[in-house]
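Novice: Compute the structure for the input listed below.
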Amino acid sequence: MVSNGIRRHGIFGLLCALLAVTLNADTPRSAQIPTGAVPHRHRPIRIHERRDGSVTAHNWSGYAVTGAPGSVTAARGSWVVPTIHGTCPSTNQYASFWVGIDGFSSTTVEQIGTDSDCQNGNKTYYAWFEFYPHPAHLIKNVTISPGDIISAEVQYVGGNRFTVRLTDVTTGQSFSTTVTVPHAQRSSAEWIAEAPSSAGGILPLTDFGTASFGFDSTDVSGTCDATVGGTTAAIKSFGNAVQTITMVTSSGAVKAQPSGLSSDGTSFVDQWVSAGP
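Specialist: Predicted structure coming up:
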């Protein structure tokens with residue numbers, strides 16, 4: 001994805017330092033993050049190749065449903081906040097989990113999600129929203145912990161406006177906001193594990209183990225579905241419009257890979273394989 005990103009040095013370094021202040025590696029709390037910004041960007045897909053109906057990409061892993069421009073009006077998802085495996089290395093690593101509209105074949109992304117990051121050796125969990133190409137923003141009033149069940153939605157409400165909602169089902173905390181995105185094409189819906197980016201490119205992917213999406217893992221009904229052309233249905237119901245996305249390195253080695261969809265069409269797991277890049 002190409003855009004003006006946060007500089008790796010200067011602002012980016014300062015934000016990383018702020019994120020690490022007072023964080024406890026064993027019991028991280030997003031409330032301790034003293035900034036409204038997020039030290040990375042969640043950008044449109046960087047497709048590596050398409051083969052046999054599947055897609056490999058450098059920054060996304062999961063599922064997308066594609067449609068005609070203007071046809072996608074909602075995407076809903078639920079997932080369990082992945083627990084970071086092992087000890088955080090000295091190099092910062094990031095993993096984002098989100099539901100959104102656009103970005104698969106367009107230049108905007110309307111999205112909301114959570115992160116499981118390693119920041120300066122500390123395990124850090126938080127919620128965010130982003131209307132790319134605008135910067136990502138921290139959701140300050142929702143405290144994220146590993147293992148929490150998240151329910152989230154992105155909805156087109158008319159007049160180029162989108163509403164994003166996120167609820168931590170485990171704690172009952174919630175957030176919503178509405179923003180105008182003038183050039184959104186509304187041509188895809190997504191359920192994604194992402195290696196986010198800085199101005200220097202795609203960042204190392206945190207070892208998140210397994211990310212579990214959908215009713216089978218969350219018991220949240222009416223999620224991991226989309227509304228396309230006025231029809232609301234589970235991911236699997238959209239047939240040939242469903243895109244399976246595997247994240248790979250620049251050399252083609254797998255970084256993260258989704259399972260097949262469950263029988264009800266809403267659920268899958270995404271498995272971490274390597275940090276990349």
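Novice: Distance-wise, check Arg186 relative to Ser105.
Specialist: From Arg186 across to Ser105, the span is 11 Å (Cβ to Cβ, to the nearest Å). Heads up, the C-betas are built off the backbone N, CA and C, glycines and all.
Novice: Give me the more crowded residue out of these two.
Specialist: For Arg186 versus Ser105, neighbours defined as other Cβ atoms under 10 Å are more numerous around Arg186 (23 against 16).
Novice: show me the contacts for Ser221.
Specialist: Residues near Ser221 by Cβ atoms under 8 Å, 6 or more residues apart in numbering: Phe215.
Novice: Next, find the distance separating it from Ala234.
Specialist: Taken as Cβ to Cβ, the span from Ser221 to Ala234 is 11 Å.
Novice: As CSV, could you dump the C-alpha coordinates of stretch 117-131?
Specialist: Presented in CSV, the C-alpha positions along stretch 117-131 are these (Å, rounded to 0.1, in the frame of the first residue of the first chain):
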residue,chain,number,x,y,z
ASP,A,117,1.8,-6.0,19.8
CYS,A,118,5.2,-6.3,21.2
GLN,A,119,6.4,-2.8,22.1
ASN,A,120,9.9,-2.4,23.5
GLY,A,121,9.7,-5.9,25.0
ASN,A,122,6.2,-5.5,26.4
LYS,A,123,3.0,-7.2,25.4
THR,A,124,0.5,-4.5,24.5
TYR,A,125,-3.2,-4.9,23.6
TYR,A,126,-5.5,-2.2,22.5
ALA,A,127,-8.5,-1.3,20.2
TRP,A,128,-8.4,1.2,17.3
PHE,A,129,-10.3,2.4,14.2
GLU,A,130,-9.0,3.8,10.9
PHE,A,131,-10.5,5.4,7.8
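Novice: Run through the bridge partners of the nearest residue to Gly67 once chain neighbours are set aside.
Specialist: Once flanking residues are discounted, Gly67 sits nearest to Val228: 4.3 Å by Cβ to Cβ, 6 or more residues apart in numbering. Val228 has the following beta-bridge partners by DSSP bridges: Val72, Thr231.
Novice: List the contacts of Val228.
Specialist: For Val228, the contacting residues are Val65, Gly67, Ser71, Val72, Thr73, Ala189, Phe238, Ala241, by Cβ under 8 Å, 6+ apart.
Novice: now swap in Phe215 and tell me
Specialist: Phe215 makes contacts with Ser78, Ser221, Thr223, Cys224, Ser262, Asp264, Thr266, Ser267, as judged by Cβ under 8 Å, 6+ apart.
Novice: And for the fourth one, the neighbour number?
Specialist: Okay, so that is Cys224. With other Cβ under 10 Å as criterion, Cys224 counts 30.
Novice: Against Ile202, how distant is the spatially closest residue to Gly121 that is not a sequence neighbour?
Specialist: In space, and not counting its chain neighbours, Gly121 is closest to Cys88: 5.0 Å by Cβ to Cβ, 6+ apart. Here the criterion is Cβ to Cβ. By it, Cys88 lies 19 Å from Ile202.
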